[in-house]
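>>> what shape does this take:
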Amino acid sequence: MGETSEETQRFKRIAAAAYDYDNDSRWTDYWSNSLIPPSMVSRSDVIDHFKRKFYQRYIDPDLVVETMSVSSSFFQPASQSAPSPPTNDQTQKQSSAKRNSEMLATTDSISNSSRWNRHMVLFSLNAWVLIVALFAMIPMVPRNLSHRAYRLSIMGTACSSLFSLFIKCGMPRAFDMQGLEVYFQAVVATKTFVYFIYSVTFVASNLCLKFALIPIICEAAEQIAKFLRRTFPQSFFYRKWLERPCAWVESNTTTLSLLSSHVEIALGFLLIISLFTWQRNFVQTFMYWQLLKLMYHFPMTAGFHQSAWAKVGRKVNPFVRRFLPFLKPSFSAAQSWWTR
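Numbering: from 1, shown residues only. Just a heads-up that it's a prediction; the model follows:
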């Protein structure tokens, strides 16, 4: 297990070193706002250290960045032939090196503490969403409490998604058109944005489709399991009660994603059926089918949704060809629009 973790971290460090920082506008802003002594700005090991911290913050939060220590031997003179008492110049250099080391250690400590606090808040939000959503799914819960828990879990998912986007993408570097365009391109490229749109689609709806809570429960369980295994692996409570459930969730992420994709597609057809009831909502149905199309093409969900839609096609197409041949042109036009 330890060897696998070390091998994973080695590949992550290689990926961090190969990342194109020069073409990422966030790196320029991050580097200019870093607290680095002027005497150390040009050192390659300092630059590499802050590049890894940048990569951990914006690209891969699972990358482990060790605290940087400044070796005092870097400031010692090269000649070691004969010991001599330190001069004033050497004493100043050594004291300067010590201050620089303490400053870097303090900066790393503050940064790590702030990042840990943010992830702790996100974990609390996800745990709250998971508990409330599971409560809403219990059949014996009274109807009014169940509906209220349903609303709270949808709203909690929207809040946790927004906070997760803030952790991953931060704030826009500039509030002009170009800066906002770059920022929203980074936001849209995340899976969290998809779940934010998913929760917004249902938060204002009159329908109470508890079926819609299944993808939310799966996503919250995955995020909670990752956080617990990364943060509390040596905790007695975790090892006794939570290690096996977390290990099961992380080893079955593909199954959970497939389940979520099937549920999301089924919800699309349920919304179409609801158009023939008094609870119909044409705007919500249109928005949700646009979201389904986005999920079909989005890289992180495309594989699961394409697999699920292929199963739907294998069931529906023979039925249409046999009993409803006049609908075949309409189905072909819909499929061509869907795959565009």
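
>>> what's the helix or strand for the residue nearest the centre of the chain?
The centroid of the chain falls nearest to T192 when counting by CA atoms, centre = their mean (5.8 Å). Using DSSP states H and E, T192 sits in helix 191-203.

>>> which strands and helices sit next to that helix?
Counting contacts by 3 or more CB pairs under 8 Å, 6 or more residues apart in numbering; DSSP states H and E, helix 191-203 is packed against helix 143-169, helix 213-231, helix 282-297, helix 299-323. For every residue, glycine as well, the C-beta is placed using N, CA and C.

>>> what residues does that helix touch?
The contact list for helix 191-203 (CB atoms under 8 Å, 6 or more residues apart in numbering) reads 151, 154-155, 157-158, 161-162, 164-165, 168, 187, 209, 212, 215-216, 219, 264, 284, 287-288, 291, 294-295, 298, 300-301.

>>> looking at it now, give me its mean pLDDT.
For helix 191-203, mean pLDDT rounds to 93.

>>> list the buried residues of it.
Within helix 191-203, the residues that qualify as buried are 192-202, counting by 16 or more other CB atoms under 10 Å.

>>> shaky segments in the stretch 1-150 of the chain?
1-5, 7, 11, 20, 22-23, 25, 35, 37-39, 41, 68-116 (pLDDT under 70).

>>> so what touches the host helix or strand of I273?
Using DSSP H and E, I273 sits in helix 253-274. The contact list for helix 253-274 (CB under 8 Å, 6+ apart) reads 198, 207, 209, 211-212, 214-215, 218-219, 221-222, 249, 280-281, 284-285, 288-289, 292, 295, 301, 304-305, 307-309, 312.

>>> who touches the nearest residue to V132 once chain neighbours are set aside in this structure?
With sequence-adjacent residues excluded and distances taken as CB to CB, 6 or more residues apart in numbering, V132 is closest to S153, at 4.5 Å. For S153, the contacting residues are 129, 132-133, 136, 213, 216, by CB under 8 Å, 6+ apart.

>>> quick check: S153 vs H147, distance?
11 Å (CB to CB, to the nearest Å).

>>> any common contacting residues for the two?
With CB under 8 Å, 6+ apart, S153 and H147 have common neighbours A136.

>>> what's the neighbour count on A133?
Neighbour count for A133, taken as other CB atoms under 10 Å: 24.

>>> just Q279 next, same as before
Residues near Q279, counting by other CB under 10 Å: 11.

>>> so what pLDDT did it get?
On the pLDDT scale, Q279 is placed at 85.

>>> isn't it up against T285?
No - counting by CB atoms under 8 Å, T285 is not a contact partner of Q279; they are 11.2 Å apart.

>>> neighbouring contacts of stretch 315-325?
For stretch 315-325, using CB under 8 Å, 6+ apart, the contacting residues are 327-328, 331.

>>> for P142, phi and psi?
In this entry, P142 is assigned phi and psi values of phi -60, psi 150 (degrees, to the nearest 10).

>>> next, count neighbours for it.
What P142 shows, counting by other CB under 10 Å, is a neighbour count of 8.

>>> likewise for S42?
9.

>>> tell me the SS of it?
Of the three states, S42 takes coil under DSSP: H, G, I helix; E, B strand; the rest coil.

>>> thinking again about what came up before, make CSV out of the contacts of stretch 315-325 and add distance to P172.
Output for the contacts of stretch 315-325, formatted as CSV (distance: CB to CB, whole Å):
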residue, distance to P172
L327, 47
K328, 48
F331, 43
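
>>> next step: these restricted to helices.
328, 331 (DSSP state H).

>>> and the contacts of stretch 315-325, which are buried?
Buried, going by 16+ other CB under 10 Å: none of the contacts of stretch 315-325, as it turns out.

>>> just the contacts of stretch 315-325 now: which is nearest G179?
F331 (43.9 Å; CB to CB).

>>> burial count for the closest residue to that closest one other than its chain neighbours?
The shortest distance from F331 to any non-neighbouring residue, by CB to CB, 6+ apart, is to V320 (5.9 Å). The number of residues packed near V320 is 15, by other CB under 10 Å.

>>> same thing with the one 5 residues further on?
The number of residues packed near P325 is 9, by other CB under 10 Å.
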